[in-house]
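Student: sharing a sequence plus its predicted fold:
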Amino acid sequence: MSGGTTKKKIGKQTPSSIGSKIKLPDDFLDLINYHDFAPAFLFSSVQKNFCLSSWDKGRIKILIEKLSLLESKKWNDILCSRILEFKQVDKTGLKVSTPPEVTDDTTIFYFQPCGSKNSHRVFGYRERHNFRFLWFDKNHEVYPGKYK
């Protein structure tokens, strides 16, 4: 019996080519409601002068505990609760320059993981469901003002 079958090679599929009759728009990722996703935290945009390594171990531990708690929530729940109060930054008040990936339409947020009476603040921005850290500021140098 030599009724061998020939295998058909399948080309690499991209999201917009999956299925023979389905064509997804090029910007389909922008159509997803990322408020329904849990956050992912990205450290690749942290600026050198404001690294987490300048914080003491106790404050780093508190931050990690807060971020671990947030990982189990959806963005919608985080933004509506008081787990960490994300506050929007007025970019004209920043005392540091923003990295090139932060465009004019990027909204920067900060939160105070160690409580509102503590000066340690974390700055970053959302990109889909990700939160990209920019600055770990322990002395109110990035965005001066009263401790809130």
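Tutor: Received, thanks.
Student: just the strands in this protein please.
Tutor: For the chain, strands defined by DSSP state E occupy the ranges 40-42, 87-88, 108-111, 121-127, 130-137.
Student: and these as a markdown table, adding distance to residue 81?
Tutor: C-beta here means a position set from N, CA and C on the backbone, and glycine is covered the same way. Shown next, in a markdown table, are the strands of the chain (distance: least, Cβ to Cβ, whole Å):
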| stretch | distance to residue 81 |
| --- | --- |
| strand 40-42 | 17 |
| strand 87-88 | 14 |
| strand 108-111 | 12 |
| strand 121-127 | 16 |
| strand 130-137 | 15 |
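Student: how much space between the nearest residue to residue 141 once chain neighbours are set aside and residue 63?
Tutor: Spatial nearest neighbour of residue 141, excluding adjacent residues (Cβ to Cβ, 6 or more residues apart in numbering): residue 95 at 6.3 Å. Residue 95 sits 22 Å away from residue 63, going by Cβ to Cβ, to the nearest Å.
Student: neighbour count: those two, which is higher?
Tutor: Between residue 95 and residue 63, residue 63 has the larger neighbour count (other Cβ atoms under 10 Å), namely 19 against 10.
Student: test my guess that that one contacts residue 114.
Tutor: Yes - at 7.5 Å, residue 63 counts as touching residue 114 under the criterion of Cβ atoms under 8 Å.
Student: joint contacts of those two?
Tutor: Shared contacts of residue 63 and residue 114 (Cβ atoms under 8 Å, 6 or more residues apart in numbering): residue 120.
Student: list the buried residues for the helix ranked longest in the chain?
Tutor: Identified as the longest helix of the chain according to DSSP state H is helix 57-71. Buried positions in helix 57-71, judged by neighbour count with 16 or more other Cβ atoms under 10 Å: 59, 60, 62, 63, 66, 67, 70.
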